[in-house]
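**Q** the following comprises the amino acid sequence and a computationally predicted model.
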Amino acid sequence: MKEIWLDLNDIPEEGKNFIFDDQSFWEEAWKNFKFNTSVGEPLVSEIFVLPQENGCLYKGSLSGSVIVPCDRCMADHEQPISSQFEDFEQLAEEGEESFLEAADGTRRLNAGAIFWEQFVLAYPSKPLCSEDCKGLCPECGADLNKGKCECKQDKGDPRLAVLRNLKIKN
Ligand SMILES: [Zn+2]
Ligand SMILES: [Zn+2]
C-alpha cells in the first residue's frame, strides 16, 4: 500500500491544507486488503493539519464514489463515499499505536492511514444496486430483476407454516 506522510516541520504554525487525488493510492490499498472495488467518481481526500505541542489537530474529508458488486445480484454499480473527520492525535509513546510518529528529529502524520480508516468506515458493508433488488435465484442463479425463472416458487420453510397461520393479538 502506498503511504502518505506529512512532516509537521513543513507545516506552519497556523496550519496547512493538503489535497490528494491520486487514485493509485486507492487501487493499491484495495488490492492489498482484497476489496472488490474500482474507482467511480475519483476520490478526493482533503486534510488540514494544525501542529500542537504534544501532537496535532487535523480535520478533513473524503469524497467520491466506488464501483462495487451488489450484495444480492452481484451487478456492478456505483456507491457514494463521503466522510468528514476531525481529531487530535497525540505523539505515540513507545509501543503505542498512533497516526503520529517521531522520526529523525521530526514528527510525521500518517495521512494515508487516516484516509484509509475513513474509507473503511464509509464503505457500504452490504451494497445494493437498488433497495428492492430481487437478487439471484438460489436454485438456478438467474437474475430475478430481469424476470421470473423456471424454478418452482419457494413455499417457505414448512416448520414455519404454523407461524403463518398465527394471528397476532393487538
Ligand atoms: Zn442487485
Ligand atoms: Zn431459478
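**A** Arrived safely, thanks for sending. Ligands and ions are numbered 1, 2, ... in the order given.
**Q** what sits against Ala29?
**A** Contacts for Ala29 were tallied using Cβ atoms under 8 Å, 6 or more residues apart in numbering; they are 1-2, 35, 116, 119. Bear in mind the C-beta positions are built from the backbone N, C-alpha and C, glycine included.
**Q** mind listing what's buried along stretch 35-47?
**A** 35, 37, 40, 43, 45-47 (16 or more other Cβ atoms under 10 Å).
**Q** actually stretch 88-107, sorry about that
**A** Within stretch 88-107, the residues that count as buried by 16+ other Cβ under 10 Å are 89, 91, 99-100, 107.
**Q** lowest pLDDT pick from those?
**A** Lowest pLDDT among the buried residues of stretch 88-107: Leu91, with 87.
**Q** my guess is it meets Ala103, correct?
**A** No - using Cβ atoms under 8 Å as the test, Leu91 is too far from Ala103 to be in contact (10.9 Å).
**Q** tell me the first helix or strand C-terminal of the host helix or strand of Ser61.
**A** Ser61 belongs to strand 55-69 when assigned by DSSP states H and E. Using DSSP H and E, the next helix or strand after strand 55-69 towards the C-terminus is strand 76-90.
**Q** how about that next one and ligand 1, touching?
**A** No - counting by Cβ under 5 Å from the ion, no contacts exist between strand 76-90 and ligand 1, the nearest distance being 7.2 Å.
**Q** for the remainder of this discussion, apply numbering that starts at 827.
**A** Done: numbering now begins at 827, and the last item shifts to strand 902-916.
**Q** and Leu832, what does it touch?
**A** Here Leu832 is in contact with 844, 873, 875, 934-935, 937 (Cβ under 8 Å, 6+ apart).
**Q** got the residues of this protein near ligand 2?
**A** 963, 965-966, 968, 975, 977.
**Q** from those, which would you call buried?
**A** Burial by neighbour count, judged by 16+ other Cβ under 10 Å, picks out nothing from the residues of the chain next to ligand 2.
**Q** hmm, Leu869 is touching Asp847, no?
**A** Yes - with contact defined as Cβ under 8 Å, Leu869 counts as touching Asp847 (7.3 Å).
**Q** identify the residue spatially nearest to Val870, adjacent ones excluded.
**A** Using Cβ to Cβ, 6 or more residues apart in numbering and skipping residues adjacent in sequence, the residue nearest Val870 is Asp847, 5.0 Å away.
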